[in-house]
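Chemist: Show me the folded form of this:
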Amino acid sequence: MAKENIDWNKNDDAMKLLLSKLRRKLDTIHLGGGQKKIDKQHAKGKMTARERVSYLIDKGSSFLELGEFAGYEMYEEHGGCPAAGVIVGIGYVSKRQCVIVANDATVKAGAWFPITGKKNLRAQEIAMENRLPIIYLVDSAGVYLPLQDEIFPDKEHFGRIFRNNAKMSSMGIIQISAIMGSCVAGGAYLPIMSDEALIVEKTGSIFLAGPYLVKAAIGEQVDKETLGGASTQSEISGVTDYKMPDDPTCLDTIRDLMDKIGAFDKAGFDRAEPVAPKKALDDVYGIFPELPTKPYDTRELLKCLVDDSKITEYKKGYGKTIVCAYARIDGWSVGIVANNRLVVKNAKGEMQFGGVIYSDSADKATRFILNCNQKKIPLVFLHDVTGFMVGKRSEHGGIIKDGAKMVNAVSNSTVPKFSIVMGNSYGAGNYAMCGKAYDPRLIVAWPTAKIAVMGGSQAAKVLTQIQLSTRKAKGEEVDPKLETELFEKTKQKYDQQTSPYYAAARLWVDAIIDPKRTREVISMGIEAANHAPVEKFNVGVIQT
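Modeler: Sure thing, here's the model as predicted:
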């Protein structure tokens, strides 16, 4: 495909515009509560959460931040909650890969919104799945009280975090906490349920109830430092293990602690010497279409992502709307399941629409997933799917049974799975391609991603017809103008909800990334997964 091609240039320009929009949004999010709040942190002698993370990780190493858009355009009536008020990511500390969680005290004093709890639980889930050490940099005022009913009592709420602390301890997963600011009430359990806890003098404090609550509860008058400051908790109570004079010393000590950790068994995923793709990574911009309805050659896109641009395709002539292939990404052996967006002919000469999963495609993908589990090869799913094929012919051909086979194989797969939502990811197609509900180790989206039950136009048509039928049943007259207005209003709302930002705000995806980072994300994800043993594969019942 020549770069002079008009479609190539349109695609390239469209992707670059989307990436520019992405960067502008991230620039705002990275300011947290704003420059005034940042200045206030500095005036107290404290680093910001992002500065702490940047100082802690190895210089020049990659940091994969997750959940940057968590809370995006949510809680506006409460002043917003950028990045859910907590920085989460996978990074390297003393050359050891680990999960890092840092409360952002510039956002509501680091208070926990409902989405904050969800993001923290996702961080712990990643640590548990991959047996990665987890480092907490604590600086939080506790639960955001106006929304306490949405964060306090349920299974996936605040208290689940401490349950996970205990579970990780029993699994032998290393947990290190640094109390670098406030740590109050139920939140005080997190650092003390960790293996080791550090506390910073003058700025760090930890107690079950602060001075005001102590006064109200038992009438005792006590200042914050005496109640739960660094000297109290490290010299009198013995609750913390290390008293640190300032933030940099605290972070340096964490690096020293990480440096002394012994080696653990690996899962044993195969890795060769990494080889760059023959096609440039940014060729993806020109290949991936500006419009989600346009076809493109998925194999050409894969050549931008895999080592030496080389794939070994499984059942190439069968089930053509899904490409299944063995390849390497940054040296790691992977099995790729990618939706093919070209219009193709099957063996019977019948036309098949690109991006749709037919019975033969589902059958092929199922067998390939089983093979990868047998060979202990991590799976990479590249989404651009509008769903399973519908209609009389498909139903008579058993599309439900074949789709169920694929969903079964994905559900029971024990090798690590990674999902990249490049374009459409609709309905049951999202499930079969390992959407969030199917436990991918990481799931990230390109700025072109759309996640929903169905596309905006289709959904709007359905919902508009339902609304019109309801009005007609009541005896109301419906003119074409009203029908158009209902359709446009419904479509606008639905399109907003299919946006990758809407999905990322609710943590349906872990991150929105530049497509050029796809190799890096997959490589870091497999490296993380390589720390955890692979369970024996048992596919359950798959009807043949």
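Chemist: Give me the local confidence score for Thr249.
Modeler: pLDDT, Thr249: 98.
Chemist: In three-state terms, label it for me.
Modeler: helix (DSSP: H, G, I helix; E, B strand; the rest coil).
Chemist: Nearest residue to the middle of the protein?
Modeler: Asp510 (1.3 Å; C-alpha atoms, centre = their mean).
Chemist: That one touches Phe69, doesn't it?
Modeler: No: the criterion here is C-beta atoms under 8 Å, and Asp510 misses it with Phe69 at 9.8 Å. Just so you know, the C-beta spots here come from the backbone N, C-alpha and C atoms, and that holds for glycine as well.
Chemist: nearest spatial neighbour of the residue nearest to the centre of the chain, skipping sequence neighbours?
Modeler: Counting by C-beta to C-beta, 6 or more residues apart in numbering, Asp510 lies nearest to Leu66, which is 4.5 Å off, once chain neighbours are set aside.
Chemist: ok, the one you found - contacts?
Modeler: Val88, Gly89, Ile90, Arg122, Ala123, Ile126, Leu442, Asp510, Ala511 (C-beta atoms under 8 Å, 6 or more residues apart in numbering).
Chemist: all strands for the stretch 401-544 of the chain, in order.
Modeler: Taking DSSP state E, counting those that start in this stretch as the criterion, the stretch 401-544 of the chain contains strands spanning 417-426, 442-445, 450-452, 511-512.
Chemist: For the last one, which outside residues touch it?
Modeler: The reference is to strand 511-512. Outside strand 511-512, the residues touching it (C-beta under 8 Å, 6+ apart) are 22, 64-69, 444-447, 449, 500-501, 504, 521.
Chemist: Just the buried ones among these, please.
Modeler: Among these, those buried by neighbour count (16 or more other C-beta atoms under 10 Å) are 22, 64-69, 444-447, 449, 500-501, 504, 521.
Chemist: Which members of those are positioned in helices?
Modeler: Mapping the buried ones among the contacts of strand 511-512 onto helices (DSSP state H) picks out Leu22, Pro500, Tyr501, Ala504, Val521.
Chemist: Relative to Gly403, which of those is nearest.
Modeler: Pro500 (24.9 Å; C-beta to C-beta).
Chemist: Confirm for me that the closest one is in contact with Trp446.
Modeler: Yes: between Pro500 and Trp446 there is a contact at 7.5 Å, judged by C-beta under 8 Å.
Chemist: what about Gln124, distance to Gly331?
Modeler: Distance of Gln124 to Gly331, given as C-beta to C-beta, to the nearest Å: 29 Å.
Chemist: how near is the residue in the chain sticking out farthest from the centre to Ile173?
Modeler: Going by C-alpha atoms, centre = their mean, the residue of the chain most distant from its centre is Gly475, 48.1 Å out. Computed with C-beta to C-beta, the distance linking Gly475 and Ile173 is 64 Å.
Chemist: Tell me where the model's unsure across the stretch 251-400 of the chain.
Modeler: Across the stretch 251-400 of the chain, nothing is flagged by pLDDT under 70.
Chemist: Compare the mean pLDDT across the strands of the stretch 401-544 of the chain and name the weakest.
Modeler: Across those, the lowest-scoring stretch is strand 450-452, with a mean of 93.
Chemist: on that earlier part again, hey, what's in contact with both of Pro500 and Trp446?
Modeler: Residues touching both Pro500 and Trp446 (C-beta under 8 Å, 6+ apart) are Val421, Ile512.
Chemist: give the contact list for the closest residue to Lys320 other than its chain neighbours.
Modeler: Nearest residue to Lys320, sequence neighbours excluded (C-beta to C-beta, 6+ apart): Val344, at 4.1 Å. If you count contacts by C-beta under 8 Å, 6+ apart, Val344 has them with Lys320, Thr321, Met351, Gln352, Gly354.
Chemist: Check the gap between the second one and Pro153 for me.
Modeler: Computed with C-beta to C-beta, the distance linking Thr321 and Pro153 is 45 Å.
Chemist: same deal with the first one?
Modeler: Shown here: Lys320 relative to Pro153, a distance of 50 Å by C-beta to C-beta.
Chemist: and if you look at Gly397?
Modeler: In terms of C-beta to C-beta, Gly397 sits 48 Å off from Pro153.
Chemist: So those two - more neighbours on which side?
Modeler: Between Gly397 and Pro153, counted using other C-beta atoms under 10 Å, the more crowded position is Gly397 (15 against 10).
Chemist: still on that earlier bit, looking at Gln124 and Gly331, which has the bigger crowd around it?
Modeler: Using other C-beta under 10 Å, the more surrounded residue of Gln124 and Gly331 is Gln124, with 23 against 14.
Chemist: Model confidence for that one, exactly?
Modeler: Model confidence at Gln124 (pLDDT) stands at 98.
Chemist: that's a strand at it, yeah?
Modeler: No: looking at Gln124 with three-state DSSP, it is helix, so not inside a strand.
Chemist: Tell me which residues touch it, please.
Modeler: Val99, Ile134, Ile161, Asn164, Met168.
Chemist: residue boundaries of the strands in the stretch 251-400 of the chain?
Modeler: Going by DSSP E, counting those that start in this stretch, the stretch 251-400 of the chain shows strands at 312-314, 322-329, 332-339, 344-345, 351-352, 356-357, 379-385, 387-388.
Chemist: Beyond whichever strand or helix holds Asn165, next helix or strand please.
Modeler: Here Asn165, judged by DSSP states H and E, is contained in helix 160-171. Moving toward the C-terminus from helix 160-171, the next helix or strand (DSSP H and E) is strand 175-183.
Chemist: quick one: the nearest residue to Lys516 once chain neighbours are set aside from Ile311, how far?
Modeler: Nearest residue to Lys516 in three dimensions, chain neighbours excluded: Leu281, at 4.6 Å (C-beta to C-beta, 6+ apart). Per C-beta to C-beta, Leu281 is found 16 Å from Ile311.
Chemist: Looking at those two, which is more packed in?
Modeler: Ile311 (22 against 17).
Chemist: Roughly how far does that one sit from Ser182?
Modeler: From Ile311 over to Ser182 (counting by C-beta to C-beta), the distance is 52 Å.
Chemist: do Pro82 as well
Modeler: Distance from Pro82 to Ser182, by C-beta to C-beta: 19 Å.
Chemist: Neighbour count for those two, which is higher?
Modeler: Neighbour count, other C-beta under 10 Å: between Pro82 and Ser182, Ser182 has more, with 26 against 23.
Chemist: for the residue nearest to the more buried one when sequence neighbours are not counted, what are its contacts?
Modeler: Distance criterion C-beta to C-beta, 6+ apart; nearest residue to Ser182, sequence neighbours excluded, is Ala141 at 5.3 Å. Shown in contact with Ala141 (C-beta under 8 Å, 6+ apart): Ala105, Lys108, Ala109, Gly110, Ala111, Ser182, Val184.
Chemist: Which pair in those residues has the greatest spatial separation?
Modeler: Lys108 and Val184 (13.7 Å).
Chemist: Looking at these two, which is more packed in?
Modeler: Remark: of Lys108 and Val184, Lys108 carries more neighbours, 23 against 19, as counted by other C-beta under 10 Å.
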